[in-house]
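Colleague: Please work out how this folds:
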Amino acid sequence: MAWRREPVDWPKAILQQLLDGEVPDATLQEIQSRPKEENRFEKILEIEQGRVPWHERIVVPLQEHLYVVLRRGDLIVKCACGHEFGDYRRNWKLGASVYERDCRDGEIYQGPRAADPDWMILREFYCPGCDSLLDTEAVPPGYPFTFAALPDIAGFYSEHAALRERVFGDVPVPSRREAGG
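Modeller: Numbering: from 1, shown residues only. Model prediction:
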């Protein structure tokens, strides 16, 4: 029989430290070694909602500073600062400020580790509203912007009825095909 540890119902203060990268190493190891508690996602949504200055409901955090939110029945990508990137099914990077770094500038790769600019470019994606660095890519020149994640929001919330009610209320959960923006 396999040994299984029980989940811990971590307080939101500890989870906030986890999100901020400030949780002590021993606590981090303990969190990682246990199964997630059933309400972890709901707690994370509450923490993230409390961090942003706007009132649209966060449906799912995409990555640091970026969220899929419910705005007037539509699902859009929004930065923590309030800048809206549009429909969550569209690559948000198309609406970002992009800086293509010279990979030989010595800031990222130095000396013999520097990449050949004929083979690789470094892209940095910034929010036009607050200038936060949102993502980076190291890709061949001419390569299209990568689209890292398209969450199955309808599928996720179909399995979590109580949370769906809290997030969406009486608004139907749009599927990937139905979502507008």
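Colleague: CA atoms of the helix-or-strand element of the chain with minimal mean pLDDT as CSV?
Modeller: Every helix and strand in the chain was compared by mean pLDDT, DSSP states H and E; the lowest is helix 161-168, with a mean of 89. The C-alpha coordinates for helix 161-168 follow below in CSV (Å, rounded to 0.1, in the frame of the first residue of the first chain):
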residue,chain,number,x,y,z
ALA,A,161,-20.4,23.9,-9.4
ALA,A,162,-20.2,25.9,-6.2
LEU,A,163,-17.2,27.9,-7.4
ARG,A,164,-18.8,28.4,-10.8
GLU,A,165,-21.8,30.0,-9.0
ARG,A,166,-19.5,32.3,-7.0
VAL,A,167,-17.5,33.4,-10.0
PHE,A,168,-20.1,33.5,-12.8
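Colleague: where does the residue nearest to residue 80 when sequence neighbours are not counted fall, phi/psi-wise?
Modeller: In space, and not counting its chain neighbours, residue 80 is closest to residue 65: 4.7 Å by CB to CB, 6 or more residues apart in numbering. Every residue, glycine included, has its C-beta placed from N, CA and C. Here is the backbone geometry of residue 65 (degrees, to the nearest 10): phi 80, psi -10.
Colleague: same check, this time on residue 75
Modeller: Note on residue 75: its backbone torsions stand at phi -100, psi 120 [degrees, to the nearest 10].
Colleague: what packs against the least confident helix or strand of the chain?
Modeller: If you count contacts as 3 or more CB pairs under 8 Å, 6 or more residues apart in numbering; DSSP states H and E, helix 161-168 packs onto helix 40-51, strand 57-63, helix 153-158.
Colleague: which residues are in contact with the last one?
Modeller: In this case it means helix 153-158. 59-60, 68, 75, 88, 163-164, 167-168, 173-176, 179 (CB atoms under 8 Å, 6 or more residues apart in numbering).
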